[in-house]
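Participant: Mind folding the following:
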Amino acid sequence: MRVMYQPYEYFLGFRYTRARHKDHFISFISLASMFGIMIGVMALIVVLSVMNGFHKEIRERILGMVSHATITSTEGGLQNWPEAMELAKQHPDVVAAAPYVESQVMLVNGQLVSGALIRGIDPQQEAAVADVGEHMNSGSLDDLKEKSYNIVLGVELARNLGVAVGEKVTVITPHAIITPVGTMPRLKRFTVSGIFEVGMGDFDTGVALAHMRDVAKLNRLGDAVTGVRLKVKDLYDAQRISYELANQMKDYY
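Facilitator: Presented below is the predicted three-dimensional model:
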């Protein structure tokens, strides 16, 4: 007679799932436990998959608006930004660089007022470091031409101000000017040429884009910019790359 041997795990499993007639309750408890573990593992896999996809989507949307690293001046505006860009591009891990001008402003349309960060960009160079141009609901970043005083608003910001493409908003900066009648804030009328939506409330509600030379003139920066934005090969390596660039560049960077 030949004896059939089976692994201990199979023996133990069959022992409690194929119990005798009087031990059906044990079989029921064993099967219920197995199905409970199966459902729990399935739920865990689904949740982890959803969270990983959500994390990837959020990261891509955030990185579409912010830079991996920036170069700024130790004092005031960055005057020699073309030199800073060339020095940064020589680093093997830097993919692209683009100048920018930023300031906090108030946007006004009639009785509607909203604070925002206005970012002056060069549309041709900005596409290399950010993908906001891919999230335009209307208009195009190419409409941001020097001296055109066009502006692109986040979708929620445009809704809060009650404006659409082709309408005008007043941009008020915190920089004051002295006039014969007293101190007045600097302001300029801009034409809304586009609306973007990246799906992140902080950006859709509080960011506006214009040409960097128009924003620089509004903030009396002359030919200077706020800084240079960098895009690197590996986001998680940005800190190391920043330290290396800081060591290579002069003290005023």
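Participant: Low-confidence regions, the stretch 151-253 of the chain specifically.
Facilitator: When residues are selected by pLDDT under 70, those of the stretch 151-253 of the chain lie in 176-183.
Participant: how about the strands in this protein?
Facilitator: Taking DSSP state E to define them, one finds strands in the chain at 69-72, 94-109, 112-121, 136-138, 150-154, 168-179, 182-196, 207-211, 227-232.
Participant: Could I get those in JSON lines, plus columns for distance to Val41 and mean neighbour count?
Facilitator: (C-beta placed from N, C-alpha, C; glycine too.) Formatted as JSON lines, those follow (distance: least, CB to CB, whole Å; neighbours: other CB atoms under 10 Å):
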{"stretch": "strand 69-72", "distance to Val41": "41", "mean neighbour count": "19"}
{"stretch": "strand 94-109", "distance to Val41": "40", "mean neighbour count": "20"}
{"stretch": "strand 112-121", "distance to Val41": "45", "mean neighbour count": "19"}
{"stretch": "strand 136-138", "distance to Val41": "42", "mean neighbour count": "14"}
{"stretch": "strand 150-154", "distance to Val41": "42", "mean neighbour count": "27"}
{"stretch": "strand 168-179", "distance to Val41": "54", "mean neighbour count": "14"}
{"stretch": "strand 182-196", "distance to Val41": "41", "mean neighbour count": "17"}
{"stretch": "strand 207-211", "distance to Val41": "42", "mean neighbour count": "25"}
{"stretch": "strand 227-232", "distance to Val41": "38", "mean neighbour count": "23"}
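Participant: Can you add distance to Lys250 and give these back as JSON lines?
Facilitator: Output for the strands of the chain, formatted as JSON lines (distance: least, CB to CB, whole Å):
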{"stretch": "strand 69-72", "distance to Lys250": "11"}
{"stretch": "strand 94-109", "distance to Lys250": "17"}
{"stretch": "strand 112-121", "distance to Lys250": "24"}
{"stretch": "strand 136-138", "distance to Lys250": "38"}
{"stretch": "strand 150-154", "distance to Lys250": "34"}
{"stretch": "strand 168-179", "distance to Lys250": "28"}
{"stretch": "strand 182-196", "distance to Lys250": "32"}
{"stretch": "strand 207-211", "distance to Lys250": "28"}
{"stretch": "strand 227-232", "distance to Lys250": "14"}
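Participant: what's the closest of those to Arg220?
Facilitator: strand 168-179 (6.4 Å; CB to CB).
Participant: ok, back up a step: closest one to Asn52 among the strands of the chain?
Facilitator: strand 227-232 (22.8 Å).
Participant: List the neighbours of the closest one that are in contact with it.
Facilitator: Strand 227-232 has contacts (CB atoms under 8 Å, 6 or more residues apart in numbering) with 67-73, 78, 81, 84-85, 88, 93-100, 128-130, 238, 241.
Participant: 7 Å - rerun?
Facilitator: For strand 227-232, contacts defined as CB atoms under 7 Å, 6 or more residues apart in numbering pick out 67-72, 78, 81, 84-85, 88, 93-100, 128-129, 238, 241.
Participant: Using PDB, list the CA coordinates for that strand.
Facilitator: Output of strand 227-232 as PDB, limited to C-alpha atoms (Å, rounded to 0.1, in the frame of the first residue of the first chain):
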ATOM      1  CA  GLY A 227      15.600  84.800  -9.900                       C
ATOM      2  CA  VAL A 228      16.100  81.800 -12.200                       C
ATOM      3  CA  ARG A 229      14.000  78.700 -11.900                       C
ATOM      4  CA  LEU A 230      15.700  75.300 -12.500                       C
ATOM      5  CA  LYS A 231      14.400  71.900 -13.600                       C
ATOM      6  CA  VAL A 232      16.600  69.000 -12.700                       C
END
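Participant: Mind exporting the C-alpha coordinates of stretch 89-104 to CSV?
Facilitator: Output of stretch 89-104 as CSV, limited to C-alpha atoms (Å, rounded to 0.1, in the frame of the first residue of the first chain):
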residue,chain,number,x,y,z
LYS,A,89,23.0,74.8,-17.4
GLN,A,90,26.6,73.6,-17.3
HIS,A,91,25.7,71.3,-14.5
PRO,A,92,25.0,67.8,-16.0
ASP,A,93,21.9,67.2,-13.8
VAL,A,94,20.2,70.5,-14.8
VAL,A,95,17.6,70.0,-17.5
ALA,A,96,16.4,73.6,-18.1
ALA,A,97,16.4,77.1,-16.6
ALA,A,98,14.1,80.1,-17.0
PRO,A,99,14.0,83.6,-15.4
TYR,A,100,11.1,84.9,-13.4
VAL,A,101,9.8,87.9,-11.5
GLU,A,102,7.5,87.5,-8.6
SER,A,103,5.6,89.8,-6.2
GLN,A,104,2.5,90.0,-4.1
